[in-house]
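A.B. asks: here is my input; please provide its structure:
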Amino acid sequence: CSSSSLLIQMTLLFVDRKGKASCDGVVTASLCAVVAALICMVSSANAASKPNILFLMADQMRADALGVYGNEHALTPNLDSIAKNGVAFKHGMTSTPTCTPARAGILTGRSPWNHGMIGYGNIAQWYDVEMPRIIAKARYNTASLGKDHFGWDLNSDEGIPHGYQKTELYDGLGAFDDNATNLWDGEFDNYDQWFQQQLPGKDPQATLDWIDGDGWNGWHGRPYVYDEYYHPTAWLGRRAVNFISNYNEDEPFFLKVSFHRPHSPYDPPQRVINKVEPLGLTPIHAGTPYDEIFRTMDGCTSEDPDAWCGQMPLNETLNSKLCYAASVTFVDEQIGYIINALKERNLFNNTFIIFTADHGDGQSDHWHWRKGFPYELSARVPFLLSWPPSVQYPVPRGTMMSEHVVELRDILHTAVDIADAHSHIHENAFQPEDGKSLLCLLKHPDGSYCDYAPNPGEWREYLDLEHSTVYSSYVHWNAIFDGELKYIFRAINGKEEMYNITADPNEMVDIAQDPKNDAVVAKYRGIMAQRFLTEGRPSSFVKNVNGVLSLPIRSEGLVYSPHYPQGEVANGRGVIAEGQGFPYNQWNVTSSGMIILLNGTTLQNTNFCMDVFFNGSAPFIRVESCREGKASQTFEKMDVNGDRLKLRFSELNLCLASKIDNFGENVCLDECTSPSEAVHNTWTYGRGGRLCTAGYGCAAVSPKFPSSSEVTDRWSTMTPKTFHKCLRQQQG
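C.D. replies: Here you go, the predicted structure:
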């Protein structure tokens, strides 16, 4: 039995007045054993009854690339079947439509300003709330296959997992290099390794390398030069099928399968191109006055193979659109194999399926290529959800839900709701503008009520979208969208645009330029300004003069908001046990018994050590500047075997331990005797300096926020658990 929450409840049942777990007195040992067995049985039954969650993603897939969204040229029967067995959301959006900020929204369930990425940058190495960690605490086995784009750990030479227990990655980063180690310059991920084993010395990007060098953001399209077996889309499909076909665990799974395509390079197999070509292509939508800026902008010409804008030669444009459409179909084929694997294993009828994409693709509309734009071509993505036959909602299967706007931040909350993992989210983790569970809309389609505990209330009326400067100062914008009207503010020059998406889905008529719409434009401008004010944004975003709000021109971009979790280690920071993806997680356990943070000295000329601090009568673990011989920093090493050890704090005769509770895994002090299922006090000390327990994670320090005002933001709202000798420091 490994259900931490139920075992913690069991510990509470048998706690004596001294606060020690006991089976003495009126509670007999046999009764203890019976109760423990019953709890294990209930826990196992609960795990078995929970549904699996299959989270499917594609990269750079427009919503209108699918048949379910009205594209009569599309060949996407398997994706369309997900909508047929569930629902499609008409207004599925990605608020910051480039790869990393979009994925940060999925990972954290927060708005761009609140998770900290309002432009293209690096996903932080840790967040206090992360979807896979929360789901895992609800007794799910979590795995991520394909593209994460979470960053690469150079110490372990693997992707930063952010809580996923298993990863097999293809991020599509780096470039073939004859002179580099492994013939690859950059992230040499699982697919890259497999490819070199299969075709030693070959360039996996050979299809388009001869045109653009690496093809990651090129606008050309060509048929894949190798047998399609070696294509990363096919590789990922097989890895997902293999996971499902061989899954024999008692616990349900949360499986993310994230395809890199149809992101560039547009390199589908010729076989798939032949299937798609007779169906025809969608027309190019361009020609507004503002489009003219991008049609012939410097650098946006056919001579630039990585151009992000520009009117390209028609034959090459049509060929690119064809290869893009075929790439979508190739992904759809793999999704069909994955769904069939679920059915063959009798798992389909107990699995929720979610499908979306991180952003769309310009495909020459408005003379745009790639992503990062406020238009539907970039900011609107497929959003599909299906549920097991035994689950019933008021919304009929096959419904196109068009009344409300949904966004990538809603995926974490939907998964948490499905997994019944609400109790594993700390208090006040989310603000009203953050995500909500899509199940709320299935239960109450009018959006009037949502009983989802982490973020209850009515469904959002307006969605915020934004992107800091990318490619050009002209691509620096904020937007507000309500499902019908989209208001866009161009930060570089203050230009305003507004489109009626219902009447003009391709955004060809800017109604903001018609004076009769001045009042409605002013209304949405005010909504945006008030949102900025509520979020506490600086005066560069919103001016407040005697209660009158205005939006100033912003000539400088801002990639990271103050909520982005980064910064140096500081005295008093708490030590936690979830450190696989944290930046400060390497230690030196010295012969004198000090536990020194190795990689906390790169930012400050200071050594930090684990330190026992007393908060009233209860001890907890933090880091402080090292002082040789200081009693609160001295631990006795007690070898267990090999590289495994216990670390005893002699003054209290307690051992360093990791303990799981509803707020996460914490490093603390506990009895040195045999641990319970919920507490582990035997550590593995790796050669790389990792200090990890068998049960939970690796000891790490959470860095301070970049702004001192942020130190008390989210962490200070936690209520420490006091029923055990383990306490989580309130501010980190």
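
A.B. asks: next, the buried residues of stretch 232-243.
C.D. replies: 232-237, 239-241, 243 (16 or more other C-beta atoms under 10 Å). C-betas here are computed from N, CA, C, even on glycine.

A.B. asks: repeat for stretch 162-180
C.D. replies: Within stretch 162-180, judged by 16+ other C-beta under 10 Å, the buried ones are 162-165, 167-174, 176.

A.B. asks: likewise stretch 383-397?
C.D. replies: By 16+ other C-beta under 10 Å, the buried positions in stretch 383-397 come out as 383-388, 393.

A.B. asks: again, but for stretch 519-538
C.D. replies: 521, 524-525, 527-529, 531-532, 535, 537.

A.B. asks: what do you get for stretch 543-553?
C.D. replies: L551.

A.B. asks: give me the contact list for that stretch.
C.D. replies: Stretch 543-553 has contacts (C-beta atoms under 8 Å, 6 or more residues apart in numbering) with 478, 489, 491-494, 525-526, 528-530, 532-533, 539-542.

A.B. asks: just those: which are in helices?
C.D. replies: Counting by DSSP state H, the part of these found in helices is 525-526, 528-530, 532-533.

A.B. asks: closest to L318 out of those residues?
C.D. replies: Set against L318, the nearest of those by C-beta to C-beta is M528 (37.8 Å).

A.B. asks: the closest one and Y290, how far apart?
C.D. replies: Separation of M528 from Y290 (C-beta to C-beta, to the nearest Å) stands at 19 Å.

A.B. asks: tell me, how many residues neighbour G280?
C.D. replies: Residues near G280, counting by other C-beta atoms under 10 Å, number 11.

A.B. asks: what's the answer for W210, then?
C.D. replies: 13.

A.B. asks: next up, phi/psi of it, please.
C.D. replies: Reported as degrees, to the nearest 10, the phi and psi values for W210 are phi -70, psi -20.

A.B. asks: same deal with H424?
C.D. replies: phi -100, psi 10.

A.B. asks: okay, the closest residue to R627 other than its chain neighbours and P619: tell me how far apart.
C.D. replies: Once flanking residues are discounted, R627 sits nearest to Q633: 6.5 Å by C-beta to C-beta, 6 or more residues apart in numbering. For Q633, the distance to P619 equals 13 Å [C-beta to C-beta].

A.B. asks: what about the two, which has more around it?
C.D. replies: Q633 (23 against 19).

A.B. asks: if I look at the more buried one, how far off is D80?
C.D. replies: 61 Å.

A.B. asks: go on, G146?
C.D. replies: In terms of C-beta to C-beta, G146 sits 21 Å off from D80.

A.B. asks: and these two? which has more neighbours close in?
C.D. replies: Each of G146 and D80 has its neighbours counted (other C-beta under 10 Å); G146 has more, 29 against 18.

A.B. asks: so the nearest residue in space to that one that is not next to it in sequence bridges to which residues?
C.D. replies: The shortest distance from G146 to any non-neighbouring residue, by C-beta to C-beta, 6+ apart, is to S258 (3.8 Å). When assigned by DSSP bridges, S258 has beta-bridge partners M57, G146.

A.B. asks: let me see the contact set for S258.
C.D. replies: Per C-beta under 8 Å, 6+ apart, neighbours of S258: 56-59, 144-148.

A.B. asks: dump those to JSON lines, plus distance to W459.
C.D. replies: Formatted as JSON lines, those follow (distance: C-beta to C-beta, whole Å):
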{"residue": "L56", "distance to W459": "24"}
{"residue": "M57", "distance to W459": "23"}
{"residue": "A58", "distance to W459": "25"}
{"residue": "D59", "distance to W459": "27"}
{"residue": "S144", "distance to W459": "29"}
{"residue": "L145", "distance to W459": "32"}
{"residue": "G146", "distance to W459": "30"}
{"residue": "K147", "distance to W459": "29"}
{"residue": "D148", "distance to W459": "29"}
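
A.B. asks: and of the residues you listed, the nearest to L75?
C.D. replies: Of these, the one sitting nearest to L75 (C-beta to C-beta) turns out to be A58, at 14.7 Å.

A.B. asks: tell me the confidence at the residue nearest the centre of the chain?
C.D. replies: Ranked by distance to the mean C-alpha position of the chain (C-alpha atoms, centre = their mean), the top residue is L107 at 2.2 Å. With respect to pLDDT, L107 scores 98.

A.B. asks: secondary structure class for it?
C.D. replies: helix (DSSP: H, G, I helix; E, B strand; the rest coil).

A.B. asks: if I read this right, it contacts H162, doesn't it?
C.D. replies: Yes - the pair L107 / H162 is scored as a contact, 6.1 Å apart, by C-beta atoms under 8 Å.

A.B. asks: overlap in contacts, the two.
C.D. replies: Contacts common to L107 and H162, judged by C-beta under 8 Å, 6+ apart, are 123, 127, 130, 150.

A.B. asks: now secondary structure too, for those residues, in TSV please.
C.D. replies: Converted to TSV, these look like this (three-state DSSP):
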residue	secondary structure
I123	coil
Y127	coil
E130	coil
F150	coil
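
A.B. asks: what about the strands in the stretch 151-300 of the chain?
C.D. replies: All strands of the stretch 151-300 of the chain, identified by DSSP state E, counting those that start in this stretch, fall at 152-153, 158-159, 166-169, 175-176, 184-185, 253-262.
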